[in-house]
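S.K.: just need the structure, nothing else, for what follows:
(2 chains)
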Amino acid sequence: MTLPVLKASDFASDQDVRWCPGCGDYSILAQMKKVLPDLGVPREKTVFISGIGCSSRFPYYMNTYGMHSIHGRAPAFATGLKSTRPDLMVWVITGDGDALSIGGNHFIHVLRRNLDINIVLFNNRIYGLTKGQYSPTSVEGQVTKSTPMGSIDHPLQPLSVALAAEATFVARSLDAHVKHLGETLKRAAEHKGTSLVEVYQNCNVFNDGAMAYAQEKKQRAENVIELENGKPLTFANGTKGIRLVGTHLEVVETSDVPADDLLIHDETDPNPSIQMMLARMSYPTMPEPIGVLRAVGGIPTYDDQINQQVESATEKKGRGDLNQLFNAGDTWSVQ
Amino acid sequence: MIRVNQQTNHVSLVDSRPKSKSRHNNLHMEATTSKAVRSVSGITVRLAGDSGDGMQLLGTQLTNTSALAGNDVATFPDFPAEIRAPRGTRAGVSGFQVQFASEEIFTPGDVLDALVVMNPAAMVTNLGDLRKGGILIANEDGFNEKEFKLAKVESNPLDANVIEETYRLIKVPMTQLTRDAVSEFGLGVKIADRCKNFFAMGLVYWLFGRSLDPTLRFIRDKFGKKPEVAAANEAALRAGWAYGETTEAFGESYQVEAAELTPGTYRNIMGNQALAWGLITASQLSEKDLFYGTYPITPASDILHELTKYKNFGVRTFQAEDEIAAVCSTIGAAFGGGMAVTASSGPGIALKAEAMGLGMILELPMIIINVQRGGPSTGLPTKTEQSDLLQAMFGRNGESPIPVLAPQSPGDCFDVAIEAWRIATECMVPVMILSDGYIANGSEPWKIPSFDKLPKIEIRHPEGTDPEEPFLPYARDENLARPWAIPGTPGLMHRVGGLEKEDGTGNVSYDPANHQHMTDTRSNKVTKIAERIPEQEVFGDQTGDLLLVSWGGTYGACHTAVKRCRDQGHAVSHLHLRYINPMPANIGQLLSNFKKVAVAELNQGQLRMLLRSKFLVDCQGINKVQGKPFTVSELTESIDQLL
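M.R.: Now for the predicted structure:
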């Protein structure tokens, strides 16, 4: 039997997309529809679960199963679903406010449990749906509707949080770099365990150009470093690189140092320390990494284990018999 | 206002005629007393000591042994919220009350026939409940200067003249006698002293003619890996029994004959255990694996502890990072087609409110259990109350009605769990079960059902058939329920969410008329359940001077109180609600049949508010918020005042 070949358009629902014209979300939606047919998972076995926020309208636009849930809790819904239905491919769509502010708790716990789902975190560093308040990833000093004198909050770094929770797959991409985005989503989907992809996403209404240093092609070469496993860390068209000195990373001119001085990227290292250093590199003092920071395989997933316990208990004791259970222990008869 | 009068309406410890004994079990009294035995119809005893004294264990053993002897039993464990409250203090006192009787009983008893106290703190905090002439057994060794200070008493309370004059005081040097009894096993003093609850148990067993066998079996099972500890506990138990037999302090012991229960096989069951078993049973009846997402909270955690033992029944338990994740995981499992349940107590239910609203608007079947405790806020974690009724009814934003059921006794938790899942799946709606700390930890004899005779719960999931026919996830059947289409079904892909949905398609809709229609439909769906639940029954006559209305865990006390009032010739009847939302269709009629309606509940009048607003009936309230269940005498007094 041959499976029907699906196209990107097969994954589009009949609903009109209602994001603002020019929103970075369109690009992520387009890449998702493009990637899904390659994964070979039928549409009916695919579920998108989101929280609340602009990004969280995403499931309505996919012709799969979907749930637009409540603010910050999508990972918890996904946990119940994937634990009982490991046959499904489950995606969580979230934003910087949804995942890191109201949903911070669920975010770290789903990552540490290594549930086999894929999380796409749209990071635009602003609250869009509530019209322009600062978010947990907004930069210090940012003037927004709720911070007229500038934000005094120190921002949270999603990748650092994920690495601290020892997530098994941590990556970053850009809405404007569609090829890279598509490839990163595909790798996330293929990873067994929780995958986190942070996507720099431009909110052209409330925070336009906040990540232009990374998104704009002209600036990207200087400010972004594309990670490749097993390759030295270089950027600026190979003219600059990253070197590990003691417990710090530093930028060097590649012409000034021997080639083997440069740090070689190892996404498979179970120790997240150097990956954490990469995650902490931030503009303008350092280039920001995109690509896969961490991909550690072979770690048991939560859904596998919860089901294995059921299987091994059943193997050991046999399928439960209620009449036996009711009558076990001390009983007495009245005639 | 409830006033507690400890001297009235007591029925226990009176001579009763021997009843026909039709009980069969393989137990035998391995020791027989040579002293006089007095037959009584029932006994209420409370065992009180420090949290670490093993009183809960003693109580549980006495309960099981009495149940095995064929008595009807009802229990009331009462313990502090602190795991190890300061030793010897009044705050650290842990108690276990049990009534066992040769007649049908519904409460653990109002006043005590016997009180066992292990230290002064236990004595001063519990003595008020002991009836005049009742037996007071004190561990003399626990009464010393150090303990007086800890209990904040100035002198030895046992020495007060009034004690000897009012009660039958029996002082027993339990600590020393236990040490003597276990000396041959070479245990340290600390471990040896831990055996003294078994000494107390032996003495209590002698006094009430209980067999040692079930507890001996328990000791061997529990301490099998530490034979010297098992042997010491057994020696302490036997020494306690022998002490009763030999000391001159006890002239006679008491015998409670077997009760006449409906024929069948029985076991003792606790409320939370019955709830857990009911959930597993419902899962098997509907051929759905059970997913239980929860966060630890008193007094609901025991449901988790119980369920997680039964993975071979297809039970998956998930201890979430918080209450919100617990309920959300449950909704996720329901979306996937599983039997999904979450449980908590008041504070946790407050946290679940937003997600419950989502479950309600998604129209997915699930069960939310609230084992109520004293509130508000953290309140009284280990004490009972019924103050979350309005939270269950209305504690979500927007128009968000869900069915609410309330079990009336520990054993009834089993039936209510099954009924909740039947309603949830028939109507595609989250169902709330309101248990409480009193029935959760209380126990009673439970007539064991045969699984094969329980009616199946039929569940249909639509199949994707005609690809040309658009799937309508919010189409309605005769119950106004929508189809439960689950992921994995080709052709039925659809999206659900918390935004208002268009009728039929489920697409997001802000249309005013549609919102009205959907709100009405969700509400009507719950109202319509009244057509399929049994009519309300009344205990007593269908008309009369006063109808006592109650709900949930107060059934036993209210039923007993009404029975007593009727025995005294009053025209009082009892209406006990298990279905709170919707109520049975005939409630309005029944309320109007009586000159007066009184609503007894452990809150400030929440059901009364519902009844008044729904039926325009002038209900009187009998209310108590002390973290304790009603006593029967409190209720009979209140009824007398209202008549």
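S.K.: how about the residues of the stretch 101-250 of chain A by chain B?
M.R.: Contact residues (C-beta under 8 Å from any C-beta of the partner chain) of the stretch 101-250 of chain A with chain B: A:105-106, A:109. In this view, the C-beta of every residue, glycine as well, is placed from N, C-alpha and C.
S.K.: for the stretch 51-200 of chain B, which residue gets nearest to chain A?
M.R.: Across the stretch 51-200 of chain B, the shortest distance to chain A (C-beta to the nearest C-beta) belongs to residue B:68, at 5.4 Å.
S.K.: coming back round to it: tell me the buried residues within the residues of the stretch 101-250 of chain A next to chain B.
M.R.: Among those, those scoring as buried are A:105-106, A:109 (criterion: 16 or more other C-beta atoms under 10 Å in any protein chain shown).
S.K.: so, in contact with chain A or not, the host helix or strand of residue B:359?
M.R.: Following DSSP states H and E, one finds residue B:359 within helix B:346-362. Yes: using C-beta under 8 Å from any C-beta, helix B:346-362 comes into contact with chain A via B:354-355, B:358, B:362.
S.K.: in the stretch 451-600 of chain B, which spans are helices?
M.R.: In the stretch 451-600 of chain B, the helices defined using DSSP state H, counting those that start in this stretch lie at B:512-527, B:555-567, B:587-592.
S.K.: want to throw these into a markdown table with mean pLDDT, distance to residue B:627 and mean neighbour count?
M.R.: Listed next are these as a markdown table, based on pLDDT from 0 to 100; distance: least, C-beta to C-beta, whole Å; neighbours: other C-beta atoms under 10 Å in any protein chain shown:
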| stretch | mean pLDDT | distance to residue B:627 | mean neighbour count |
| --- | --- | --- | --- |
| helix B:512-527 | 98 | 32 | 14 |
| helix B:555-567 | 97 | 15 | 23 |
| helix B:587-592 | 97 | 29 | 17 |
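S.K.: what mean pLDDT does the helix holding residue B:359 have?
M.R.: Helix B:346-362 shows a mean pLDDT of 98.
S.K.: give the buried residues for stretch B:184-198.
M.R.: Those would be B:185, B:187, B:192-198, for stretch B:184-198 by 16+ other C-beta under 10 Å.
S.K.: swap that for stretch B:374-392, please
M.R.: By neighbour count on 16+ other C-beta under 10 Å, the buried set for stretch B:374-392 is B:374-375, B:379-389, B:391-392.
S.K.: what residue ranges in the chain score low on pLDDT?
M.R.: Picked chain A for this. A:1-3 (pLDDT under 70).
S.K.: my bad, the chain I had in mind was chain B
M.R.: Answering for chain B: the residues below the bar, that is pLDDT under 70, span B:1-31, B:465-467.
S.K.: please parse it into its domains.
M.R.: Following automatic domain parsing, one finds the domains of chain B at B:36-256, B:267-453, B:460-532, B:544-642.
S.K.: and the nearest residue to residue A:102 once chain neighbours are set aside, what is it in contact with?
M.R.: Leaving aside its sequence neighbours, residue A:102 sits nearest to residue A:72 (C-beta to C-beta, 6 or more residues apart in numbering or on different chains; 3.5 Å). Neighbouring residues of residue A:72 by C-beta atoms under 8 Å, 6 or more residues apart in numbering or on different chains: A:51-52, A:94, A:98-99, A:101-104, A:106.
S.K.: any idea how far residue A:101 is from residue A:72?
M.R.: Applying C-beta to C-beta, to the nearest Å, the value for residue A:72 to residue A:101 is 7 Å.
S.K.: same question, residue A:252
M.R.: 37 Å.
S.K.: next structured bit after the helix or strand hosting residue B:163?
M.R.: Element membership of residue B:163 [criterion: DSSP H and E] is helix B:161-166. Once helix B:161-166 ends, the next helix or strand along the chain (criterion: DSSP H and E) is strand B:168-172.
S.K.: elements contacting that next one?
M.R.: In this structure, strand B:168-172 makes packing contacts with strand B:130-139, judged by 3 or more C-beta pairs under 8 Å, 6 or more residues apart in numbering or on different chains; DSSP states H and E.
S.K.: just to revisit the earlier point, which of the contacts of residue A:72 are buried? Put it as a ChimeraX command.
M.R.: Selection of buried members from the contacts of residue A:72 for ChimeraX, criterion 16+ other C-beta under 10 Å:
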select /A:51,52,94,98,99,101,102,103,106
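S.K.: which among the contacts of residue A:72 gets closest to chain B?
M.R.: Using C-beta to the nearest C-beta, the contacts of residue A:72 come closest to chain B at residue A:106, 5.5 Å.
S.K.: hang on, that closest one packs against residue B:321?
M.R.: Yes: using C-beta atoms under 8 Å, residue A:106 is in contact with residue B:321, at 6.6 Å.
S.K.: in three-state terms, label the residue nearest to residue B:554 when sequence neighbours are not counted for me.
M.R.: In this structure, residue B:554 finds its nearest non-sequential neighbour in residue B:630, 5.6 Å apart by C-beta to C-beta, 6+ apart. Following DSSP: H, G, I helix; E, B strand; the rest coil, residue B:630 is assigned to coil.
S.K.: show me what the strand or helix carrying residue B:236 is packed against.
M.R.: In the assignment (DSSP H and E), residue B:236 maps to helix B:227-246. Here helix B:227-246 touches helix B:174-182, helix B:189-193, helix B:196-207, helix B:213-222, going by 3+ C-beta pairs under 8 Å, 6+ apart.
S.K.: pick the most deeply packed of these.
M.R.: Burial of the helices and strands packed on helix B:227-246 is given as mean neighbour count (mean count of other C-beta atoms under 10 Å in any protein chain shown); helix B:196-207 ranks first at a mean of 26.
S.K.: and that one, what other elements does it pack with?
M.R.: Using 3+ C-beta pairs under 8 Å, 6+ apart, helix B:196-207 sits against strand B:42-50, helix B:55-68, strand B:112-117, strand B:130-139, helix B:174-182, helix B:213-222, helix B:227-246, strand B:252-256.
S.K.: just the endpoints, please. Distance across stretch B:603-623?
M.R.: Stretch B:603-623 has an end-to-end distance of 6 Å (C-alpha to C-alpha, to the nearest Å).
S.K.: swap that for stretch A:4-11, please
M.R.: Using C-alpha to C-alpha, the two ends of stretch A:4-11 sit 13 Å apart.
S.K.: next, the residue of the stretch 101-250 of chain A found nearest chain B: phi, psi?
M.R.: Nearest residue of the stretch 101-250 of chain A to chain B: residue A:109, at 4.1 Å (C-beta to the nearest C-beta). Here is the backbone geometry of residue A:109 (degrees, to the nearest 10): phi -70, psi -30.
S.K.: let me see the contact set for it.
M.R.: Contacts of residue A:109 (C-beta under 8 Å, 6+ apart): A:75, A:165, B:320-321, B:325.
S.K.: ok, which pair from the residues you listed is furthest apart?
M.R.: Longest distance between any two of those is 15.7 Å, between A:165 and B:320; criterion C-beta to C-beta.
S.K.: of those two, who's got more company?
M.R.: More neighbours surround residue B:320 than the other of residue A:165 and residue B:320, with 23 against 20 (other C-beta atoms under 10 Å in any protein chain shown).
S.K.: surely that one touches residue B:293?
M.R.: Yes: counting by C-beta under 8 Å, residue B:320 touches residue B:293, with 5.6 Å between them.
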